[in-house]
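Trainee: Can you look at this prediction? I've put the sequence above it.
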Amino acid sequence: MLKISDLVKRYGSGDPVLKNLDLTIEGESVVSIIGSSGAGKSTLLRCINRLVEPTSGSINLNGTELTSLRGKNLRAARRKIGMVFQGFNLVDRLTVMENVQSGRLGYISTWSAVTRRYPKEDIRRAFELMERVGIAQYANTRADQLSGGERQRVGVVRALMQDPDILLADEPTASLDPKTSEQIMGLLRDLAGELKLPVLINIHNVTEAKEYTDRIVGMRYGRIIFDDVPAQLDQEAMDQIYAGSPHADRAKDGAAA
Ligand SMILES: Nc1ncnc2c1ncn2[C@@H]1O[C@H](COP(=O)(O)OP(=O)(O)OP(=O)(O)O)[C@@H](O)[C@H]1O
């Protein structure tokens, strides 16, 4: 279970971009986060794996408090959080297998990683996952030879090779054409069910959020103002989520204080 409580993030001395945010994700649900540009969606995702340092509050994953971890313990916790990126973040000159195996870094010895002598079990698991997402035939192909959709499948397999407890996806389809984008969203939804994995997706495409996710979290400038099943996301809720600006919301905060 992921339980976020009273989370605040402030960059430098600016206004907080996450304002006392609470969010709990249980089981294998696929949750999307929607909201205007600048609402804080990426910041929220990046606080969870500590690519961004939270200012205060708690992020607890299956009993481990993530915000206080340092060094070795932080690296171990990060291994349990898979991340899929908008730009795929592959190493272009490496093969698909090499990219996929980089998800095992931290689990295997430096020597195995440098010499690319991957454990047999890791190769078996990689092929199993690559078969599942339809890229096994590209195992020895350089990553830069693949299409966007294939590259994102590599990104998904690499994240799954970490044997994660949760999968975070930061705009995973934003660089893809509409059809490929739907395929990747369908894949994330299906994998969540098959692997019993919670998936948290930051996404701009509300139609896809409604179709492929179980729950939609709507953010407006640092706050969660909607959290419900897709069927409840009506026009009024959409207007609330996408109205305003950080400046207008700050002015309202000031008036309420
Ligand atoms: N490294 C940073 N330093 C300072 N401010 C930042 C930094 N990263 C993000 N911000 C600011 O924090 C706010 C929230 O940004 P964030 O990227 O989390 O929003 P978002 O909802 O993901 O937006 P988008 O949909 O455009 O990606 C924005 O005002 C942004 O300018």
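Mentor: Yep, that arrived.
Trainee: Quick one: residues contacting H204.
Mentor: By CB atoms under 8 Å, 6 or more residues apart in numbering, the contact list for H204 reads I34, E171, A174. Where you see a C-beta, it was placed from the backbone N, CA and C, and this is true even at glycine.
Trainee: Buried subset of those residues as a PyMOL selection?
Mentor: To isolate the buried ones among the contacts of H204 in PyMOL, judged by 16 or more other CB atoms under 10 Å, type:
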select buried, resi 34+171
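Trainee: Nearest to the ligand, out of the contacts of H204: which one, please.
Mentor: Nearest to the ligand, judged by CB to the nearest ligand atom, of those is E171 at 6.8 Å.
Trainee: Show me what the closest residue to L66 other than its chain neighbours bridges to in the sheet.
Mentor: Leaving aside its chain neighbours, L66 sits nearest to I59 (4.5 Å; criterion: CB to CB, 6 or more residues apart in numbering). With DSSP bridges as the criterion, I59 is bridged to I4.
Trainee: Give me the neighbour count for I59.
Mentor: Residues contacting I59 under the criterion other CB atoms under 10 Å number 22.
Trainee: And for the one 10 residues further on?
Mentor: L69: 16 surrounding residues under other CB under 10 Å.
Trainee: Repeat that for L105.
Mentor: L105 has 15 nearby residues by other CB under 10 Å.
Trainee: do the same with R10
Mentor: R10 - counted by other CB under 10 Å - has 15 other residues nearby.
Trainee: try V52
Mentor: V52: 17 neighbours (other CB under 10 Å).
Trainee: From the ligand, how far out is the residue nearest to L66?
Mentor: Separation of I59 from the ligand (CB to the nearest ligand atom, to the nearest Å) stands at 15 Å.
Trainee: Which parts of the chain belong to which domain?
Mentor: Domain ranges of the chain: 1-77+164-257, 81-163, per automatic domain parsing.
Trainee: which element follows the helix or strand encompassing N73 toward the C-terminus?
Mentor: In the assignment (DSSP states H and E), N73 maps to helix 71-79. The first helix or strand that comes after helix 71-79 along the chain, using DSSP H and E, is strand 81-85.
Trainee: Could you check the pLDDT of the closest residue to N140 other than its chain neighbours?
Mentor: Excluding the flanking residues, the one nearest N140 by CB to CB, 6+ apart is T95, at 5.3 Å. The per-residue pLDDT reported for T95 equals 94.
Trainee: Repeat that for the one 5 residues further on.
Mentor: pLDDT recorded at V100 is 94.
Trainee: show me what contacts it?
Mentor: A126, L129, M130, V154, V157, R158, M161 are the contacts of V100 under CB under 8 Å, 6+ apart.
Trainee: Strands of the stretch 1-150 of the chain, residue ranges please.
Mentor: 2-10, 16-25, 30-35, 56-61, 64-65, 81-85 (DSSP state E, counting those that start in this stretch).
Trainee: Tell me which of these is the most buried.
Mentor: Highest mean neighbour count among the strands of the stretch 1-150 of the chain (mean count of other CB atoms under 10 Å): strand 30-35, with a mean of 24.
Trainee: Look up the closest residue to V91, ignoring the ones flanking it.
Mentor: Closest to V91 by CB to CB, 6+ apart is N99, at 5.9 Å.
Trainee: Who's the closest spatial neighbour of R116, skipping the chain neighbours?
Mentor: Nearest residue to R116, sequence neighbours excluded (CB to CB, 6+ apart): E98, at 6.4 Å.
Trainee: Let's see if you can find the most crowded of the contacts of V100.
Mentor: The most crowded member of these, judged by other CB under 10 Å, is V157 (28 neighbours).
Trainee: Which residues are in contact with that one?
Mentor: V100, G103, A126, L129, M130, V133, I135.
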